[in-house]
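Enquirer: Kindly return the folded structure for what I paste below:
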Amino acid sequence: MNYLENFKKEKNLIERFKEENAYLCWVMALYLDRNDVYELGTDNLTDGKNDRKIDFIDLDIGNERITLAQGYYSKKDKDEAPANKASDMNTALAWLLSGDMNEIPEYLRSIIAQCREAIKNNEISCIDAVYVHNLSESKNCKNELDTIQKHQSKLFESYNIEIETHELGKQTTENLYMSRESQILIKDKIEMEEIPLFAEKSDGWDAYVFSVSGKWLFELYNKYGDDLFSANYRGFLGIGKRKKINNSIRQTVEMEPTNFWVYNNGITILTLGVEEDKNKKIISGLSVINGAQTTGSISMVEDSKKSNLEDVKVLCRVIKCNDINLIPKIVKSNNTQNEITSWDRYSNDPIQLCLKEEFKKYGKEYSLKRGFDDTTDSFGIYTIAQPTLAFEGNYSEANRGKNNIFKNNYLYRSVFEDKRARHLLLVYSLAQAVDEVKYEIKDMTSKKEELKDDEIAKLAFFRNLKFKMFLIAIIAECLDSIVDFKVDKKTIALSEVAAQDSLESIKNKWKKFVNSILTILGSQIKIEEINEYISDKEKFEQLCKTLKALISVLQTSSATKFDELTTSLWKG
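Expert: Just a heads-up that it's a prediction; the model follows:
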């Protein structure tokens, strides 16, 4: 299995979290469409005794979703994973909703409390219970999960919350991995309306040729929009006077629908799987990798002409590729006959392309796609957005999740427009330092029976899922106290020299300051008060004033100076 080979290359990830937990968070990163595997492991793995059958928990307010996972990792080749581990999800869901808080381990208590608060506030529409393992999927596990879904759906019905269950064994995880690499965003099963005219196959791929109706394409585009073209170099460019070809395609639909098949070159669809049901083909996931203009133009017909869509027939190739290395070649070959123009995904936004070139000057590779080739280097558009929004003061929106930023054009532009690479690099390295400090504190608890008071406070803070973005915002506010200039949080950046350093080196320069802020924070507010400070802007501002004053006092001691950090900062 290709994905397993790639997982085992993640030596640093495995060393940090151990193989079983590393596998769980690596697969969940695939499943949740995240690049930040280390952050996910640090924040969401429970990894403790008496974990109430919850190995992993993710609260995503932006997507109104709670995800629970139970993991099983076998180092021996077995036929299937134990079904009783799937049934453990019943226990996990029961503890999430109504277990006695006094009997929940302290390391889980804060997270469970936040999930319950989100449920109470009608901020959750779905709870997903996931069984992750590295063996073949089985009927026994499916039956257990189906039973759990039916039973738990009744319990959560009064909260208007849907319960989903999923088994992520070898087959599904391989598909997830391939979907990330092929950039197929639509994962639904879709029925082809006709039987294939003929089929072709070779090593690594299977292909089918259909004749589909304009109505079928119209309904797909109206349901999925531009996600249909996620693996394409170009999206639909629209209809207009300057879009002569697209205008011509639409006119053919409206004026000569029965001739469309012979006038048009057709479309090509890339899919993750093809199965048969009563002589019909069912495809699992799709992206139109050639034919975006055809698909979009058909969907732009005038209302009075929509009845013509049933008469429109379009040549349609469907390709299922099993070779992950062949997929990009298929996509490229299907798109080189025409000039590649701008498309509506952020990876081709001029802002992002300029940033990518600017980062190269400092020896940094800035990723513009959510691929999964190298999870150990997650520096890119999707991992930098959230901490940047928090650093610049909007930690509330940052806590709503990454997807929230990319769905909201105002937030996206707030993060990226007119930004220097050195500013974004400064923020990203700070976020990495916060993650590292959190990991070190969690790791310390597994090695020491007794913690110091400040260590207990730090650990308790980090158990609050909203705390990381809150802390980044605090640190940004407090920078004034260690530099000799007024800090502009939208422009402060690393110096030209500091930006040339490795990400690891820059991250380490932040850690002393992060730890100092955490220590002072623990002396100023009680753990149970943290949510008040997160939700109340006035309390946040007053807290920052107090922290800045205390940091200034600390600066008088040579032992607590932050010279290595301050000499790396540039006022912007």
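Enquirer: where does the stretch 401-550 of the chain have low pLDDT?
Expert: By pLDDT under 70, the weakly predicted segments of the stretch 401-550 of the chain are 445-449.
Enquirer: Can you tell me the number of residues neighbouring the nearest residue to residue 119 once chain neighbours are set aside?
Expert: When the adjacent residues along the chain are set aside, residue 119 lies closest to residue 159, with 5.8 Å between them (Cβ to Cβ, 6 or more residues apart in numbering). Quick note: C-beta positions are derived from backbone N, CA and C, even for glycine. Residues contacting residue 159 under the criterion other Cβ atoms under 10 Å number 14.
Enquirer: And residue 276, which helix or strand is it part of?
Expert: Secondary structure here is read from DSSP states H and E; on that basis residue 276 sits in strand 273-277.
Enquirer: How far away from the center of its chain is that strand?
Expert: Computed by Cα atoms, centre = their mean, to the nearest Å, the separation of strand 273-277 from the middle of its chain amounts to 28 Å.
Enquirer: roughly how far apart are residue 532 and residue 259?
Expert: As defined by Cβ to Cβ, to the nearest Å, residue 532 lies at a distance of 69 Å from residue 259.
Enquirer: Actually, residue 150.
Expert: 51 Å.
Enquirer: partner strands of the strand holding residue 276, parallel or antiparallel?
Expert: Listed by DSSP bridges, the sheet partners of strand 273-277 and their directions read strand 280-290 (antiparallel).
Enquirer: List the buried residues of the partner strand.
Expert: Neighbour counts over strand 280-290 (16 or more other Cβ atoms under 10 Å) mark 281, 283, 284, 285, 286, 287, 288, 289, 290 as buried.
Enquirer: Which one of the residues you listed is nearest to residue 417?
Expert: The shortest distance between residue 417 and any of these, using Cβ to Cβ, involves residue 287 and amounts to 28.7 Å.
Enquirer: Tell me the confidence at the closest one?
Expert: With respect to pLDDT, residue 287 scores 87.
Enquirer: now residue 336
Expert: At residue 336 the predicted local confidence, pLDDT, stands at 50.
Enquirer: Kindly report the same for the one 5 residues further on.
Expert: The pLDDT attached to residue 341 in the predicted structure is 30.
Enquirer: Likewise for residue 243?
Expert: If you check residue 243, the pLDDT there is 51.
Enquirer: what about the helices in the stretch 451-572 of the chain?
Expert: Ranges of helices in the stretch 451-572 of the chain, per DSSP state H, counting those that start in this stretch, are 453-462, 467-478, 496-499, 503-524, 530-535, 537-554, 563-566.
Enquirer: quick revisit: which one of the buried residues of strand 280-290 is nearest to residue 367?
Expert: Each of these was scored against residue 367 by Cβ to Cβ, and residue 287 proved nearest at 19.6 Å.
Enquirer: The closest one and residue 227: what is the separation?
Expert: In terms of Cβ to Cβ, residue 287 sits 8 Å off from residue 227.
Enquirer: Return every residue with contacts to both of the two.
Expert: When contacts are counted by Cβ atoms under 8 Å, 6 or more residues apart in numbering, residue 287 and residue 227 have 185, 186 as shared neighbours.
Enquirer: For the helix or strand containing residue 415, give me every contacting residue.
Expert: Under DSSP H and E, the secondary-structure element containing residue 415 is helix 409-416. Contacts made with helix 409-416 from outside it, assessed by Cβ under 8 Å, 6+ apart, are listed as 346, 349, 351-352, 355, 384-385, 388-389, 392, 394, 397, 404-406.
Enquirer: Check which helices and strands the helix or strand following that helix sits against.
Expert: On the C-terminal side of helix 409-416, the closest following helix or strand by DSSP H and E is helix 421-447. Judged by 3 or more Cβ pairs under 8 Å, 6 or more residues apart in numbering; DSSP states H and E, helix 421-447 is in contact with helix 37-44, helix 350-361, helix 381-391, helix 453-462, helix 467-478, strand 493-494, helix 496-499, helix 503-524.
Enquirer: Now do the same for residue 62: helix, strand or coil?
Expert: Three states are possible here, and by DSSP: H, G, I helix; E, B strand; the rest coil the one that applies to residue 62 is coil.
Enquirer: pretty sure it contacts residue 401?
Expert: Yes. When contacts are counted by Cβ atoms under 8 Å, residue 62 is listed as touching residue 401 (3.2 Å).
Enquirer: show me where pLDDT drops low in the stretch 201-350 of the chain?
Expert: Under the criterion of pLDDT under 70, the regions of the stretch 201-350 of the chain flagged as low confidence span 232-245, 332, 335-345, 347-348.
Enquirer: okay, now residue 124: neighbour count?
Expert: By the other Cβ under 10 Å criterion, the neighbourhood of residue 124 contains 24 residues.
Enquirer: mind listing what it touches?
Expert: Contacts for residue 124 were tallied using Cβ under 8 Å, 6+ apart; they are 64, 65, 66, 115, 118, 159, 161.
Enquirer: can you tell me which of those are in helices?
Expert: Using DSSP state H, 115, 118 are the members of the contacts of residue 124 that sit in helices.
Enquirer: Pick out the most distant pair among the contacts of residue 124.
Expert: Maximum pairwise distance in the contacts of residue 124, criterion Cβ to Cβ, is 13.5 Å, between 65 and 159.
Enquirer: domain ranges for this structure?
Expert: The record, using automatic domain parsing to delimit domains, assigns the chain the ranges 2-181, 184-337, 348-368+379-570.
Enquirer: Around the residue nearest to residue 175 when sequence neighbours are not counted, how many other residues sit close by?
Expert: With Cβ to Cβ, 6+ apart as the criterion, residue 175 has its nearest non-adjacent residue at 4.9 Å, and that residue is residue 272. With neighbours defined by other Cβ under 10 Å, the count for residue 272 comes to 21.
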